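Student: Next comes the sequence, and after it the predicted model I'd like to discuss.
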Amino acid sequence: MAKYNRMARPASPVGDTPAVAASAAPATVPKPTSKQSLVIELLRRSEGATLAELVEATGWLPHTTRAALTGLKKKGHVLAKDKRGDATCYRIVEAG
């Protein structure tokens, strides 16, 4: 009876190593956009964004969206509030 080595692994083909397979993956996979960067993008538009637009874009509840606006202020962004019809419109004002 031949001795069996439980720790031995079968030899893999030369071109099928994990390092080669990982390097074959496309390097141009785009990074997913975060919701916070989406909010900043909407607020940088010339017309800004209403709370309803921000809620729809992010899927957040209104109180979460308002908290995100407060967080942006704490990070140093200057927010301006205007009226668009009956809705309050927020936008980032560039310093200077």
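Tutor: Yep, that arrived.

Student: Would you map the helices across the protein?
Tutor: Remark: helices of the chain, listed N- to C-terminal, are 18-23, 35-43, 51-58, 62-74; assignment by DSSP state H.

Student: Tell me which residues of the last one come out buried.
Tutor: So that's helix 62-74. When burial is assessed from 16 or more other CB atoms under 10 Å, helix 62-74 yields the following buried residues: 65, 68-69, 72. Placement of C-beta: from N, CA and C, glycine included.

Student: hang on, the earlier thing: the helices of the chain: lowest mean pLDDT?
Tutor: Out of these, the stretch the model trusts least by mean pLDDT is helix 18-23, with a mean of 53.

Student: Out of the buried residues of helix 62-74, which is nearest to Lys35?
Tutor: The shortest approach to Lys35 among the buried residues of helix 62-74 belongs to Ala68, at 8.1 Å (CB to CB).

Student: show me what contacts the closest one?
Tutor: With contact taken as CB atoms under 8 Å, 6 or more residues apart in numbering, Ala68 is in contact with 36, 39, 54, 58, 60.

Student: still on that earlier bit, nearest to Lys83 among the helices of the chain would be which one?
Tutor: Closest approach to Lys83 among the helices of the chain (CB to CB): helix 51-58, 12.4 Å.

Student: List the buried residues in that closest one.
Tutor: Along helix 51-58, these residues count as buried under the neighbour rule (16+ other CB under 10 Å): 53-55, 58.

Student: Now flag whichever of those is closest to Glu94.
Tutor: Top of the list for closeness to Glu94, among these and by CB to CB, is Leu54 at 19.3 Å.
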